[in-house]
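Novice: Show me the folded form of this:
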Amino acid sequence: MRMPQQTIKKAIQYKGNGLHSGEPVTMVFKPAPEHTGIVFVRTDIEGAPSVKAHIDNVTNTMRATTLEHGEAKVFTVEHVMAAFSAMAIDNCFIELDSPEPPVADGSSAVFVDLILQAGIKIQAAERQIYSVQKSHAIYDGDRFIAILPYDGYRMTFTSINNHPLLGTQQCDCEITPENFQKEIAAARTIGFMKELEQLQAVGLAKGGTLENALVYDDKKCLSVPRFDDELVRHKVLDVIGDLFLLGPIKGHVIALKSSHELNSRLSRSIMEEIRETQQ
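Specialist: Coordinates of the predicted model:
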C-alpha cells in the first residue's frame with residue numbers, strides 16, 4: 001500500500017535540560033520539505049550547521065547515540081527519533097541551541113505530544129519504506145540483536161538484570177502509532193545509584209533526576225515506576241529510535257540485552273543491504 005511522506009503542520013518549541021550534559025536547551029521542531037529527512041540544526045553555532053539523522057553520521061554510542069557532521073554535533077537523539085519513527089514523521093528540522101535535546105521526562109512521551117500539538121501534514125511524495133530482505137544478526141557475548149523479514153514492524157526484546165526488582169523482562173510489540181503511545185512512549189531511561197557517580201565523573205547523566213529516570217539503589221526503586229516492566233519497554237524505545245537512522249523499515253527485531261552500540265551495528269548491516277539493492 002502506498003503511503004505519503006509526512007511532516008508537521010507548524011513549528012513548536014520546548015525548553016529543558018539535557019540528560020547527560022545537564023545544559024539548558026531550547027528545541028524547536030519545524031516543518032520540512034519532502035525528502036528532507038530528520039535534520040538537527042545547531043542554532044548556537046555560527047552558520048547554524050546541521051547534521052542529518054542518518055546511520056552514516058553516528059560517531060559514538062556510549063550510553064546514547066551521537067550524530068556528527070562537520071561542526072554540527074548532537075547526542076542522545078534516540079528518544080526524539082523514536083517519537084518521529086513511531087508517529088511516521090519523515091521530514092522535520094530540529095533546531096537546538098545546545099548539543100543535546102532536552103531530556104523532558106526521560107521518555108518519548110513529551111516529543112509525541114509536541115508532534116500531535118503541531119499537527120501532522122501529509123505530503124505529496126511517496127514514503128519509501130524499506131522491507132528487510134534477509135536476516136541480520138549482531139552478537140556480543142551473551143547479548144544480541146537481529147532482524148528478520150516481516151510484513152510490518154515488530155520488536156521482541158528480552159532484558160536480563162540481576163537487580164532483585166528487575167530480573168528478566170520481555171516486551172513483544174507491533175510498532176504502530178497507537179501501540180507506541182499506549183505501551184512504549186512513556187517508558188523512561190533506567191539508572192542505578194552505584195553508576196551515577198561514575199557517569200557524572202566522565203561528564204554523563206548530569207541532568208538525570210528521580211523523575212526523568214527510573215533510578216534504583218541496591219535493593220529498591222527510588223522513582224515511581226510507570227510500568228512493572230518499564231526497563232524493557234524503554235529498551236524497545238531505544239531500538240526504535242536508533243533504527244530510524246535508516247528511515248522507515250519493515251522487519252521483526254529480536255534482541256537480548258542489546259545496547260546503542262549493537263543497535264548501531266545492526267543499522268549499519270541493514271544499510272549495506274539497502275545499498276546493495278539500490279545498485
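Novice: Point out where this protein drops to low pLDDT.
Specialist: Within the chain, the ranges that satisfy pLDDT under 70 run 200, 204-205.
Novice: Where do the helices of it begin and end?
Specialist: Taking DSSP state H as the test, the helices found in the chain are 78-86, 109-118, 177-179, 193-201, 230-243, 260-278.
Novice: Could you look over those helices and pick the most buried one?
Specialist: helix 78-86 (a mean of 28; mean count of other C-beta atoms under 10 Å). C-beta here means a position set from N, CA and C on the backbone, and glycine is covered the same way.
Novice: Quick one: list the elements packing against it.
Specialist: Contacts defined by 3 or more C-beta pairs under 8 Å, 6 or more residues apart in numbering; DSSP states H and E place helix 78-86 against helix 109-118, helix 230-243.
Novice: circling back: now the helices of the chain in TSV, with distance to residue 161?
Specialist: Putting those into TSV (distance: least, C-beta to C-beta, whole Å) gives the following:
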stretch	distance to residue 161
helix 78-86	19
helix 109-118	23
helix 177-179	24
helix 193-201	12
helix 230-243	7
helix 260-278	16
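Novice: Quick one: residues contacting the spatially closest residue to residue 248 that is not a sequence neighbour.
Specialist: Take residue 248 and drop its neighbours on the chain: the residue closest to it by C-beta to C-beta, 6 or more residues apart in numbering is residue 129, 4.5 Å away. Residue 129 makes contact with 3, 247-250 under the criterion C-beta atoms under 8 Å, 6 or more residues apart in numbering.
Novice: Adding distance to residue 143 and neighbour count, write those out as CSV.
Specialist: Below are the contacts of residue 129 laid out as CSV (distance: C-beta to C-beta, whole Å; neighbours: other C-beta atoms under 10 Å):
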residue, distance to residue 143, neighbour count
3, 33, 13
247, 25, 19
248, 26, 17
249, 21, 19
250, 24, 15
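Novice: So which of those belong to strands?
Specialist: If you go by DSSP state E, the contacts of residue 129 have 249-250 in strands.
Novice: Looking at the contacts of residue 129, which is nearest residue 51?
Specialist: Nearest to residue 51 among the contacts of residue 129, counting by C-beta to C-beta, is residue 247 at 15.5 Å.
Novice: sorry, back to before: ok, now how distant is the residue nearest to residue 248 from residue 31?
Specialist: Distance of residue 129 to residue 31, computed by C-beta to C-beta, to the nearest Å: 21 Å.
Novice: okay, the contacts of residue 129 in TSV with distance to residue 39 next?
Specialist: Listed next are those as TSV, based on distance: C-beta to C-beta, whole Å:
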residue	distance to residue 39
3	21
247	13
248	16
249	19
250	24
